[in-house]
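**Student:** I would like to see how this sequence folds:
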Amino acid sequence: MGDRLTAAAVLGGFRQRAWSLLTLSAFLVLAAAGAAAPMFAEASDNATFQLRRDEIPPTARQSDAAVVRLSAAVGSKSADQQAVVDDMRAIPHLTEPDLTGGSIGAEMVEPRFWELTVSLGAATERARLFAVTKPSAELTKTAAAEGEEGLWLPRPMADTLGAHTGDRINLTVVVGTQGERHQTTSTVAGIYAVDGEGRLPAGPTWALRRGDTPGDTEYETLPAYLLVGTPATVEPLAKALDDQIFWSVEAALEPGTTLAEASRTAGAVEDLRRAYATRQPPEGADSPLAFRFASGIGRIVAIARETTETVRHRTRPVEWAAIGVGLASVLAVALLSARRRERELRHAVSVGLAPARVGSLWLLESLLPAVLGAALGWLAAWQLVARLGPPGAIEESKSQAALTAGLVTLAGLLAVAGVATAATSRRVRPMAPTTARRHVPWPALVVVAALVSAAGLAGAGGPAGGIDLLVPLLVLAAVGVVAGWLPSRLAARRRTSLPISPRRAILWIARRRLGSGGAERRLAVVVVTAGLGMLLFALSAVDSTADSAVDRVAVAAGAEAVAPLEGSYVLDEGAPSPPPQRDPFAPRLTGPVPGVRVPPLPPGNTVVWHTDVLSPVDAEQKDLLIIDPARFREVALWGRGADLAAARAAVAELASEPMAADRSVRVIAVADPASAKVDSFPLKVGFDFQDFTVAARVAAFPGMHGRPMYVAAADPLLGNLGVDDPRLAPLTAMPAGAQVAQASLWSSGGATGIQAVTAAKGVRPERVDTAAALRSGATYVGTARARGYQVAIAGYLALLAVLTLGIYAQRTAVQRRPADLMLARVGLGRPRVVQARALEFVLLAAVALAAAVAGVAALYPLGARLLDDQPVLLPRYAFHFSPLGLAVTAGAAVLATALAVALTATRPAVEEAAYRDD
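**Tutor:** Next up is the predicted model:
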């Protein structure tokens, strides 16, 4: 008998029709929650690493880029470098090493004179030798001959010499004041384009080598013109000229390398560096032959790790919550199954089966659905993360995800066995007859728990923790409890007799059944409400967080790119200088200097001035931002929220009327509660006080530095400064008005836009701050990834809501078959009975959907506490409904209704079978 029970239990998991589907789905959700965590972590890590690689500017040095350059004095010949090439080739995930070499003849004979010149006819130009493996592949050629024989000349040098491909050129090295000369000839193999500064070859590879190429022998701060050729070409020429080549081996990180692979590469590169660094250079550390090493791989990996740690800190509570939801789903299915199989458990006890034996049989029943659910859950997690998760590769975590899915599935099986064992034990040792059975008031407990947790969260300070993620679920469950209780109360007030009209009868039956159903119907409403509500809440959280990030980046960055300037006059060729004041005792000149203006710039650019002022309202330091209002509206970032929209409207008002009727300067007060009831006040700007009138008050503004700020138009405010106007060109080396305001260039075109303006004016800013760098910061990336993972959990809950409504529909259809058949026989007709049943589930889904929307609306006051990871930043976090979330949630409710109707549309083959218990 035991063997038959075991065999029946192994296959019994797939013999329970809709209940088998529910069990399979519960284990699928559990396995997907477990498997998604490691795959999501790897995808997030790799996406972050690729983001950091993409942020490397073209002008970066090799020490900041994903490359390796090793220069070791292992021999003067190129063949001696083969050992270094082999060592580099042994490092995983690096491209094929490239052998390069640059002239060090001048450095070897210092401080003696050394110069290499190239001549063709009477024209002469200075240059240095440089070797690469394939010049034609690394140079941007403007003219080339066939083959790699000969030297490549830069275009400016070729124009000076009048050289063309195939010409013979003379190379001469002069050493010392006595004029020791070495000469040879070579062929012009090609002519290459140079970069914007007119010296080095054009292209990202050569930009990385900046500083590692030979310098000009006369202007030592400039790189030399390079005569580029293959090692086989350059080495004999260097020997003939008594020059020496210092060889280097270069390699780059392979495209598409993952963070884990790059970490191993960085470790191997560091080991190689340490091995060569411990070998003493032959002539000391200052020798031209001293060991040199440059690589940014380790730095890029370290920066990416910082971001990924932040992401993991954000997502880890959500990952554990997802696994907890999956385990709770399996446990809930097991508990419902124990109630459903009450009679079976009593029979098992009556025939003498031990509780542990029943638990093992239930475990075997769930084994095949669990295994299949684990496999499908792993597959679903993989596809969901790959298609909807971070855009990073998923490679090494697949096996770890399978192991995690297996472990959580095993935990779910043990939970099923534990429920069966506990349920059987209660029947083996029943309660004493004198003890009254008391029902636990779980609806009231859920409501009380939701109220207490929400009140505690609202009263706490700081960002929410991991346990606070349960508050939305509790609140939505409490709203579901109320929604499940309300239909029965409403139905109780309606007429009790069946209407004569068939159409009214359909609505009457559906409404009456919606109001009945007892605890199972209320539980179904709670689960469906919680599932749909969590889906809507998660999608709204993603939308709200994205909008908040856009607004905060706008406030922090100001524009797509901002570059500080020595003064605004550097961008204005027509900037006047202050008139000289010959008498030091004469009164200072006041009023606008003739010709002073805001620098005219291309569209998408503007100059902004910033200074500190002492507010007389509260005696605190405030920021003063001085703008050209008309141009500022076009250049600044304005986000998506209401606060910045109000700020933009205030700038428009300032542009139309920069001065008040009393000739005072109008300002926008930003996040300054101290001046909330003060309409005008004086401020000291420069050496004099000026009167200001508040034109508007806003909560946030682009370019804020974290403290209250005033914003004024440039013309009226700076014009009042007279000779201290920072728009004036300086008479001396000290910029005019430098003590008054710091100028900066704002551009809507990003770093490229800044470069276009400054290069045209011959200005090189010391730094460029971009909004793109802020967007890729660890906090914003981590928060966005955590919200995306939260949507995955909400998707699990929505799936359970859909399945729960389907299972409830199937069970109620079985229980009500006799009543449905009687209604059909007394004249209502089977089609109308089916319509009444379908309308019941439509109403039930509509009630749950309305309750879900109401529950999410109830979470509005807690939105910032739950979702804002940086509560001190401006503008304040504003939680709002997502239109897409509403549509997706309504779609899930429609899907749940369609499934419920489909599961109850089957007609029994024999009518009398409907009167038997399922």
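**Student:** show me what the helix or strand containing Ala892 is packed against.
**Tutor:** Using DSSP states H and E, Ala892 sits within helix 883-903. Contacts defined by 3 or more CB pairs under 8 Å, 6 or more residues apart in numbering; DSSP states H and E place helix 883-903 against helix 518-557, helix 778-815, helix 830-858. Glycine gets a C-beta too; all of them are placed from N, C-alpha and C.
**Student:** flag every buried residue along the first one.
**Tutor:** When neighbours are counted by 16 or more other CB atoms under 10 Å, the buried residues of helix 518-557 are found to be 521-557.
**Student:** same question for stretch 156-174.
**Tutor:** 157-158, 160-161, 163, 165, 167, 169, 171-174.
**Student:** send me it as PDB with only the CA atoms.
**Tutor:** Extracted in PDB, the C-alpha atoms of stretch 156-174 (Å, rounded to 0.1, in the frame of the first residue of the first chain):
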ATOM      1  CA  PRO A 156      51.700  70.100 -42.100                       C
ATOM      2  CA  MET A 157      55.300  68.800 -42.500                       C
ATOM      3  CA  ALA A 158      54.500  67.400 -46.000                       C
ATOM      4  CA  ASP A 159      53.100  70.800 -47.000                       C
ATOM      5  CA  THR A 160      56.100  72.600 -45.700                       C
ATOM      6  CA  LEU A 161      58.500  70.200 -47.500                       C
ATOM      7  CA  GLY A 162      56.400  69.900 -50.600                       C
ATOM      8  CA  ALA A 163      56.600  66.100 -50.100                       C
ATOM      9  CA  HIS A 164      54.500  63.500 -51.800                       C
ATOM     10  CA  THR A 165      54.200  59.700 -51.500                       C
ATOM     11  CA  GLY A 166      57.200  58.000 -53.100                       C
ATOM     12  CA  ASP A 167      59.600  61.000 -52.600                       C
ATOM     13  CA  ARG A 168      63.000  60.400 -51.100                       C
ATOM     14  CA  ILE A 169      63.600  62.500 -48.000                       C
ATOM     15  CA  ASN A 170      66.900  63.200 -46.100                       C
ATOM     16  CA  LEU A 171      67.100  62.500 -42.400                       C
ATOM     17  CA  THR A 172      69.900  64.300 -40.400                       C
ATOM     18  CA  VAL A 173      70.700  64.100 -36.700                       C
ATOM     19  CA  VAL A 174      73.000  66.700 -35.300                       C
END
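**Student:** got the contact list for that stretch?
**Tutor:** Stretch 156-174 has contacts (CB atoms under 8 Å, 6 or more residues apart in numbering) with 105, 113-121, 123-125, 127, 143-145, 151, 153, 180-191, 194, 198, 225, 227, 237, 241-243.
**Student:** again, only this time at 6 Å
**Tutor:** 115-120, 123, 125, 143, 145, 153, 181-186, 188, 190-191, 198, 225, 241 (CB atoms under 6 Å, 6 or more residues apart in numbering).
**Student:** what distance separates it from the centre of its chain?
**Tutor:** On the basis of CA atoms, centre = their mean, to the nearest Å, stretch 156-174 sits 52 Å off its chain's mean C-alpha point.
**Student:** next: stretch 616-625.
**Tutor:** 36 Å.
**Student:** pLDDT (mean, whole number) over it?
**Tutor:** Stretch 616-625 shows an average pLDDT of 89 in the prediction.
**Student:** of the contacts of stretch 156-174, grab the buried ones for PyMOL.
**Tutor:** A single PyMOL command selects the buried members of the contacts of stretch 156-174 (16+ other CB under 10 Å):
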select buried, resi 115+116+118+120+125+143+145+153+182+186+188+190+191+225+241
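**Student:** quick one, the helix holding Ala892 and helix 518-557 angle?
**Tutor:** Calculated by axes from the mean of the first three to the mean of the last three CA atoms, to 10 degrees, helix 883-903 forms an angle of 160 degrees with helix 518-557.
**Student:** for the closest residue to Thr124 other than its chain neighbours, helix, strand, or coil?
**Tutor:** Closest residue in space to Thr124, ignoring its immediate chain neighbours: Thr117 at 5.1 Å, by CB to CB, 6 or more residues apart in numbering. Following DSSP: H, G, I helix; E, B strand; the rest coil, we place Thr117 in the strand state.
**Student:** distance of Thr117 from Thr133?
**Tutor:** 26 Å (CB to CB, to the nearest Å).
**Student:** do you know how far Ala36 is from Ala401?
**Tutor:** On the measure of CB to CB, Ala36 and Ala401 end up 7 Å apart.
**Student:** and those two? Which one has more around it.
**Tutor:** Between Ala36 and Ala401, counted using other CB atoms under 10 Å, the more crowded position is Ala36 (29 against 26).
**Student:** what mean pLDDT would you report for the one helix or strand that one maps to?
**Tutor:** Assigned by DSSP H and E, Ala36 belongs to helix 18-54. The average pLDDT for helix 18-54 rounds to 85.
**Student:** does anything pack onto it? Which helices or strands?
**Tutor:** In terms of contacts (3 or more CB pairs under 6 Å, 6 or more residues apart in numbering; DSSP states H and E), helix 18-54 is packed against helix 259-277, helix 297-340, helix 355-388, helix 397-428, helix 778-815.
**Student:** and the following helix or strand past it, C-alpha only, in PDB?
**Tutor:** Next along the chain after helix 18-54, taking DSSP H and E as the criterion, comes strand 67-71. The C-alpha coordinates for strand 67-71 follow below in PDB (Å, rounded to 0.1, in the frame of the first residue of the first chain):
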ATOM      1  CA  VAL A  67      44.400  50.100 -22.000                       C
ATOM      2  CA  VAL A  68      47.800  48.900 -20.900                       C
ATOM      3  CA  ARG A  69      51.100  50.300 -21.900                       C
ATOM      4  CA  LEU A  70      54.300  48.800 -20.600                       C
ATOM      5  CA  SER A  71      57.800  50.100 -21.400                       C
END
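**Student:** hmm, back to that, what's the angle from the helix holding Ala892 to helix 18-54?
**Tutor:** 160 degrees.
**Student:** average pLDDT across helix 883-903?
**Tutor:** 89.
**Student:** again with stretch 323-331
**Tutor:** The average pLDDT for stretch 323-331 rounds to 83.
**Student:** got the contact list for it?
**Tutor:** Stretch 323-331 is contacted by residues 26, 29-30, 33-34, 408, 412, 415, 793, 796, 800 when judged by CB under 6 Å, 6+ apart.
**Student:** ok, the residue lying closest to Thr409 once chain neighbours are set aside to Val29 distance?
**Tutor:** The shortest distance from Thr409 to any non-neighbouring residue, by CB to CB, 6+ apart, is to Ala374 (4.3 Å). Distance, Ala374 to Val29, by CB to CB: 11 Å.
**Student:** and for those two, which residues touch both?
**Tutor:** Jointly contacting Ala374 and Val29 under the rule CB under 6 Å, 6+ apart is no residue at all.
**Student:** my guess is Val651 meets Pro629, correct?
**Tutor:** Yes - at 5.2 Å, Val651 counts as touching Pro629 under the criterion of CB atoms under 6 Å.
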